[in-house]
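Participant: Just need the structure, nothing else, for what follows:
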Amino acid sequence: MLPLLLLLLAGIVLFASGSLNRLSPHALMAHQSQLHAQIAAHPWLTRLAYIGLLTLTVSTGIPGTIVVIFAGGFAFGVVDATLISSVGLTLGSLILYLASRYAFGAGSRQPPAVVAKLHHGFERHPVSYTLFLRFFPMVPFGAVTVGLAWLRCPLWLFLGASWLGGTVMLIFETSVGAGLGDALSQSTTLGAGLLMHREVLLPLGGLALLALLPLLIERITRRRRQAARPGD
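Facilitator: Alright, predicted model coming up:
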């Protein structure tokens, strides 16, 4: 359990230190000129530092990951932030997955109640079930990673689903961060009114549709299976 406990401890220290507060939209807007100057002067170093920070937050499973992703969209733009965030998200997920697999042993230990409920669906349709969990943004990314590790999800499937599902979510999440930057440049006040700007509202709507898409697909496939059964 030591690697998993060390990751948990690192996440608690990072969250308690208040370092993520510097990545809030208001703090980024206050230092926007210095931030963009640093990125222009050290393009590779700033991107590597961002990847390292995102890898750390994802691997520890702390709830501040979305703040880092928004900040990436604000600082680097949608396309650039999506590409480098995809690297950090995949690396962080892999570290947490390997630490969890090592902690859970050969899978002989009794899984938590939540994971036990997922086991039946995973055993029947491992690929579609893994993709479903990764494409469902309402489920915490770290919790899904730990759950898939306990389910003994194959490494190739875990990496492929994490990269694909994570990248799709990142497109919308970095768009929200970039949209917040555009909205804040037009308004100095930070409030709920920022969410009404088109640059923020459209990607938020995309995230909402992405959250409903797996449920819609699952309902359609369930109806098809019921229609295919004899006597139905």
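
Participant: Checking R152 next. Helix, strand or coil?
Facilitator: Following DSSP: H, G, I helix; E, B strand; the rest coil, R152 is assigned to coil.

Participant: buried ones in stretch 20-35?
Facilitator: Of the residues in stretch 20-35, those buried under the neighbour-count criterion (16 or more other C-beta atoms under 10 Å) are 20, 23, 25, 28-29, 35. Yep, even glycine has a C-beta here, placed from its N, CA and C like the rest.

Participant: Show me these that map onto helices.
Facilitator: Using DSSP state H, the members of the buried residues of stretch 20-35 that fall within helices are 25, 28-29, 35.

Participant: Show me the two of those that sit farthest apart.
Facilitator: Distance extremes for these: the farthest pair is P25 and L35 at 12.2 Å, using C-beta to C-beta.

Participant: pLDDT wise, what is V79 at?
Facilitator: The score at V79 is 90. That number is its pLDDT.

Participant: ok, now which ones touch the closest residue to G73 other than its chain neighbours?
Facilitator: Leaving aside its chain neighbours, G73 sits nearest to G177 (2.6 Å; criterion: C-beta to C-beta, 6 or more residues apart in numbering). By C-beta atoms under 8 Å, 6 or more residues apart in numbering, G177 lies in contact with 69-74, 81.

Participant: I'd like these laid out as TSV, including distance to V144, secondary structure and neighbour count.
Facilitator: As requested, these are exported to TSV (distance: C-beta to C-beta, whole Å; DSSP: H, G, I helix; E, B strand; the rest coil; neighbours: other C-beta atoms under 10 Å):
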residue	distance to V144	secondary structure	neighbour count
I69	16	helix	28
F70	20	helix	24
A71	23	helix	26
G72	21	helix	28
G73	22	helix	27
F74	26	helix	24
A81	22	helix	27
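
Participant: Dump those into CSV; add distance to Y50 as well.
Facilitator: Output for the contacts of G177, formatted as CSV (distance: C-beta to C-beta, whole Å):
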residue, distance to Y50
I69, 10
F70, 12
A71, 8
G72, 6
G73, 11
F74, 11
A81, 8
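
Participant: nearest to V58, of those residues?
Facilitator: Taking C-beta to C-beta as the measure, V58 lies nearest I69 of these, at 9.6 Å.

Participant: my read: the closest one touches L54, true?
Facilitator: Yes - the pair I69 and L54 qualifies as a contact (C-beta atoms under 8 Å) at a distance of 7.1 Å.

Participant: Find residues that contact each of the two.
Facilitator: Here I69 and L54 have S85 as joint contacts, going by C-beta under 8 Å, 6+ apart.

Participant: and the nearest residue to A99 once chain neighbours are set aside, what does it touch?
Facilitator: Counting by C-beta to C-beta, 6+ apart, P3 is the residue found nearest to A99 once chain neighbours are left out, at 4.1 Å. For P3, the contacting residues are 98-99, 102-103, by C-beta under 8 Å, 6+ apart.

Participant: which of those residues tops the neighbour count?
Facilitator: Using other C-beta atoms under 10 Å as the neighbour criterion, A99 leads the contacts of P3 with 23 neighbours.

Participant: CA atoms only for stretch 66-77, dumped as PDB, please.
Facilitator: Output for stretch 66-77, consisting of C-alpha atoms alone and laid out as PDB, is shown next (Å, rounded to 0.1, in the frame of the first residue of the first chain):
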ATOM      1  CA  ILE A  66     -10.200  20.500 -13.300                       C
ATOM      2  CA  VAL A  67      -8.700  23.800 -12.000                       C
ATOM      3  CA  VAL A  68      -5.300  22.900 -13.600                       C
ATOM      4  CA  ILE A  69      -7.000  22.000 -16.900                       C
ATOM      5  CA  PHE A  70      -9.000  25.300 -17.000                       C
ATOM      6  CA  ALA A  71      -5.700  27.100 -16.300                       C
ATOM      7  CA  GLY A  72      -4.000  25.300 -19.200                       C
ATOM      8  CA  GLY A  73      -6.800  26.400 -21.600                       C
ATOM      9  CA  PHE A  74      -6.400  29.900 -20.300                       C
ATOM     10  CA  ALA A  75      -2.600  30.000 -20.700                       C
ATOM     11  CA  PHE A  76      -2.000  27.900 -23.800                       C
ATOM     12  CA  GLY A  77      -5.200  28.000 -25.800                       C
END
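
Participant: All good on my end, thank you.
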